[in-house]
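Participant: When you get a sec, could you give me coordinates for this:
(chains A, B, C and D)
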Number of protein chains: 2
Amino acid sequence: MNTPSHFFLSENNIPFRDYLKFGLSVDCVVFGYNEGKVQVLLIERNAEPFKGSWALPGELVPMNANLEDSANDVLKNLTGLSNIFMEQFFTFGSVDRHPAGRVATVGYYSLVGSNNYRPIASSWAKSIRWFDIDDLPALAFDHKRILQKGINTLKRRVRYRPVGFELLSKKFTLSELQDLYEALLDSKFDKPNFRKKILSMDLLIQLDELQENVSHRPAKLFKFDENRYRLLREDGFVFDI
Amino acid sequence: MNTPSHFFLSENNIPFRDYLKFGLSVDCVVFGYNEGKVQVLLIERNAEPFKGSWALPGELVPMNANLEDSANDVLKNLTGLSNIFMEQFFTFGSVDRHPAGRVATVGYYSLVGSNNYRPIASSWAKSIRWFDIDDLPALAFDHKRILQKGINTLKRRVRYRPVGFELLSKKFTLSELQDLYEALLDSKFDKPNFRKKILSMDLLIQLDELQENVSHRPAKLFKFDENRYRLLREDGFVFDI
DNA sequence: TTTACTTATAGTATTTTTTACTTTAAGTTT
DNA sequence: AAACTTAAAGTAAAAAATACTATAAGTAAA
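Facilitator: Residues are numbered from 1 along each chain as shown, chains lettered A, B, ... in the order given. Coordinates of the predicted model:
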């Protein structure tokens, strides 16, 4: 690359091109929810370094790709799905975090219903599976730290944004929603009061359908009203549970 | 650098070294607060590109420096101060955000009381000064977007973390605190109720000192009780205003 | 087909918190 | 000494959160 002298940027006179030696990667913390447990999708690495170790799915960002596109690619390769909720949460850039060079990594977390999506092991992953977040294996690189920060971020944000709904199927019962929030916030809520609170937000649409194949009174199914949420937010409404 | 073949990481067989061409920078949104206005510290660039434009203070991260250290350096050069509250908020990595190469930038925001710290223009900044956040100049690169995201982050986080105290002097009155929160959240609070709410959190220590040089009844001075906040947090307390 | 059982859902009081407002206190300025 | 300004305490009404009770609607077993 042609690096004219006016691209000196700092006080010390190091040429610009000497700063262009970073690698940049994205790592995805993919959350799921199944049978009352919050889960995360991990791969078993099929390449050095850390071949055979469990790790977060991720990739080196190609020089011509934007970060979000790169993160979406990772997810698409794993689940076959696009248009999944995904949000950046932190960037990790310690000097020695990668054994082969200076690689900073941008952490994203995304939310998918575990039941809905069967992960696909691709060539760069020997295997892939869901782990409960309270029963995790050892992880490659500094992925333990990244994952922990992702979990903390989710647990904090879930209180102030309706991200919880993304972890359920499109149609869900109020009890399922309550179970999810109890798992995420590890606490217990009173059932009638939880119902009242959620319904009073006016963010759910009650469907003309009932739960099926349950051995008790079936509950009504609801779906999240995204349009209504957008409208309320414009009026300064802040989701708070 | 020696790049053994087992460092191929992706499905396409691009050698690892071809990914190591990123630049990484940090940009700091330095917030202050003065006379009822939230402010931000900007520099006038003294180097190409965008020489003469206003910009966020920042620097290219040296190959042997951690991100936080680099961000702290930037702040130290500007204010002469270290040990300032600073937090990462977002990483911007669009392909074309820098005219001279692929440079991703990690955004940090920090909080200093504007009165306390006189910014120092260094060799890489022609000038430097505080701007009210509702009266900003045009900015270099994509700094407008970065700054806006920083402002949004502060306004969101200020509701759930006691970051507001960082913007005041160590000793402050309850009215000053209220003015700050009213500026940050742009809303108005009832004075007696604000007092009650803040004091009931038990996070302030009342000092044996009064305001001075005011032409009315002087208010009591308080300081933030960091130890108490740490303790409360361990018990699951969540600051909420 | 009746009875027991499970979970959903509605309703109702009690307590706590928030909000709105009033009063008094303590200083400065004229 | 009177007027003025802001601090700070108090109080009552409204709203929200909480705890609890009752009923409804299904399945499963007797």
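
Participant: Using the record's assignment, carve chain A into domains.
Facilitator: A:16-157, A:170-234 (automatic domain parsing).

Participant: Name the stretch among the ones you listed that sits most buried.
Facilitator: domain A:16-157 (a mean of 18; mean count of other CB atoms under 10 Å in any protein chain shown). In this view, the C-beta of every residue, glycine as well, is placed from N, C-alpha and C.

Participant: Could you see whether DNA strand C lies near that one?
Facilitator: No. Using CB under 7 Å from any atom of the strand, domain A:16-157 never reaches DNA strand C; the gap is at least 12.5 Å.

Participant: before we move on, back to that, could I get the domains of chain A in CSV, plus columns for mean pLDDT?
Facilitator: Shown next, in CSV, are the domains of chain A (pLDDT from 0 to 100):
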stretch, mean pLDDT
domain A:16-157, 92
domain A:170-234, 93
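
Participant: Okay, and the beta partners of A:Arg45?
Facilitator: Note on A:Arg45: beta-bridge partners A:Ala125, judged by DSSP bridges.

Participant: my read: it touches A:Ser122, true?
Facilitator: No. In this structure A:Arg45 lies outside contact range of A:Ser122 using CB atoms under 8 Å: 11.9 Å.

Participant: thinking again about what came up before, Serialize the domains of chain A to a markdown table and add fields for distance to B:Ala55.
Facilitator: Below are the domains of chain A laid out as a markdown table (distance: least, CB to CB, whole Å):
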| stretch | distance to B:Ala55 |
| --- | --- |
| domain A:16-157 | 16 |
| domain A:170-234 | 31 |
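
Participant: residues touching A:Gly58, list them.
Facilitator: Residues near A:Gly58 by CB atoms under 8 Å, 6 or more residues apart in numbering or on different chains: A:Ser25, A:Val26, A:Asp27, A:Cys28, A:Val74, A:Thr105.

Participant: for chain A, longest strand please?
Facilitator: Assignment by DSSP state E gives strand A:23-34 as the longest strand of chain A.

Participant: Now do it: which elements does it pack against?
Facilitator: strand A:37-45, strand A:58-60, helix A:67-79, strand A:103-111, helix A:143-157 (3 or more CB pairs under 8 Å, 6 or more residues apart in numbering or on different chains; DSSP states H and E).

Participant: then it to CSV, C-alphas only?
Facilitator: Extracted C-alpha coordinates of strand A:23-34, given in CSV (Å, rounded to 0.1, in the frame of the first residue of the first chain):
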residue,chain,number,x,y,z
GLY,A,23,-6.0,-9.5,12.9
LEU,A,24,-9.6,-9.0,13.6
SER,A,25,-12.1,-11.8,14.4
VAL,A,26,-15.7,-12.1,15.5
ASP,A,27,-16.8,-14.6,18.2
CYS,A,28,-20.4,-15.5,18.7
VAL,A,29,-22.1,-16.4,21.9
VAL,A,30,-25.2,-18.1,20.6
PHE,A,31,-27.8,-18.5,23.3
GLY,A,32,-30.6,-21.0,23.3
TYR,A,33,-33.2,-22.1,25.8
ASN,A,34,-34.5,-25.6,26.3
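
Participant: Run me through the strand neighbours of it, direction for each.
Facilitator: For strand A:23-34, pairing defined by DSSP bridges yields strand A:37-45 (antiparallel), strand A:58-60 (antiparallel), strand A:103-111 (parallel).

Participant: For the nearest residue to A:Lys37 once chain neighbours are set aside, give the beta-bridge partners.
Facilitator: Distances taken as CB to CB, 6 or more residues apart in numbering or on different chains place A:Asp132 nearest to A:Lys37, at 4.7 Å, with adjacent residues excluded. Beta-bridge pairing of A:Asp132 under DSSP bridges involves A:Gln39.

Participant: Apart from its neighbours in sequence, what residue is nearest A:Phe222?
Facilitator: Closest residue in space to A:Phe222, ignoring its immediate chain neighbours: A:Leu204 at 4.3 Å, by CB to CB, 6+ apart.

Participant: again, but for A:Gly80
Facilitator: Closest residue in space to A:Gly80, ignoring its immediate chain neighbours: A:Ile120 at 5.9 Å, by CB to CB, 6+ apart.

Participant: Next: A:Val29.
Facilitator: A:Gly150 (3.5 Å).

Participant: how much space between that neighbour and A:Ile133?
Facilitator: Distance from A:Gly150 to A:Ile133, counting by CB to CB, to the nearest Å: 9 Å.

Participant: Ok, A:Ile241 next?
Facilitator: 19 Å.

Participant: again, but for A:Met63
Facilitator: Distance, A:Met63 to A:Ile133, by CB to CB: 34 Å.

Participant: do the same with A:Asn34
Facilitator: Counting by CB to CB - A:Asn34 and A:Ile133 are separated by 12 Å.

Participant: just A:Leu167 next, same as before
Facilitator: 12 Å.

Participant: Give me every residue in chain A lying close to DNA strand D.
Facilitator: Contact residues, chain A versus DNA strand D (CB under 7 Å from any atom of the strand): A:Asp190, A:Pro192, A:Asn193, A:Lys196, A:Lys197, A:Leu210, A:Val214, A:Ser215, A:His216, A:Arg217, A:Pro218.

Participant: which pair in those spans the largest distance?
Facilitator: Spanning the widest gap among the residues of chain A next to DNA strand D are A:Lys197 and A:Ser215, at 27.8 Å by CB to CB.

Participant: Verify the stated contact: A:Leu24 with B:Phe22.
Facilitator: Yes. A:Leu24 is within contact range of B:Phe22, at 4.6 Å (criterion: CB under 8 Å).

Participant: Find the residues that touch each one of the two.
Facilitator: With contacts taken as CB under 8 Å, 6+ apart, the residues that reach both A:Leu24 and B:Phe22 are A:Val61, A:Ala104, B:Ala104.

Participant: Identify the residues contacting the nearest residue to the last one once chain neighbours are set aside.
Facilitator: Just to be clear, that refers to B:Ala104. The shortest distance from B:Ala104 to any residue other than its chain neighbours is 3.6 Å, reached at B:Gly93 (CB to CB, 6+ apart). Applying CB under 8 Å, 6+ apart, we find B:Gly93 in contact with A:Leu24, A:Val61, A:Asn66, A:Leu67, A:Val106, B:Ala104, B:Thr105.
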